[in-house]
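> Sequence first, predicted model second:
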Amino acid sequence: MLEEGWSTSDSKPGTEGRVFVFAFDAEWEGRSYNEKEVTVYYKILAGKRILLTARARYGAGFPRE
């Protein structure tokens, strides 16, 4: 899935980040949302991806790339 997203513009040096926006069309905490944006930040150490943070936002009209 990391290959489907695009690079973040706010990653710190030595950290990589990817953003994904996809259709959600469901409820979260009692409210309906059309889209979900997920951002992940990670490092590659010894050839393995190490997840640092994952952030999700719900809404509509998120920018793509």
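Great, that's in hand. None of the values given here were measured: they were computed from a predicted structure.

> and residue 6, bridged to which residues?
residue 19 (DSSP bridges).

> looking at it, it is touching residue 18, isn't it?
Yes. Applying C-beta atoms under 8 Å, one finds residue 6 in contact with residue 18, separated by 6.8 Å. (Each C-beta comes from the backbone N, C-alpha and C, glycine too.)

> for the lengthiest strand in the chain, which positions count as buried?
The strand that spans the most residues within the chain, counting by DSSP state E, is strand 31-45. Across strand 31-45, burial judged by 16 or more other C-beta atoms under 10 Å covers 33, 36, 37, 39, 40, 41, 42.

> what lines up beside it in the sheet?
strand 16-28 (antiparallel), strand 48-59 (antiparallel).

> I'd like to know which of the ones you listed is closest to residue 65.
strand 16-28 (8.3 Å; C-beta to C-beta).

> Nearest the geometric middle of this structure, what residue?
residue 39 (1.9 Å; C-alpha atoms, centre = their mean).

> Which pLDDT does the model give that one?
Looking at residue 39, its pLDDT reads 95.

> in the sheet, who's paired with it?
residue 19, residue 55.

> Any stretches of the chain with poor pLDDT?
Applying pLDDT under 70 to the chain flags residues 1-2.

> Can you name the residues bridging to the closest residue to residue 61 other than its chain neighbours?
Excluding the flanking residues, the one nearest residue 61 by C-beta to C-beta, 6 or more residues apart in numbering is residue 35, at 7.4 Å. Legend: beta-bridge partners of residue 35 under DSSP bridges are residue 23, residue 59.
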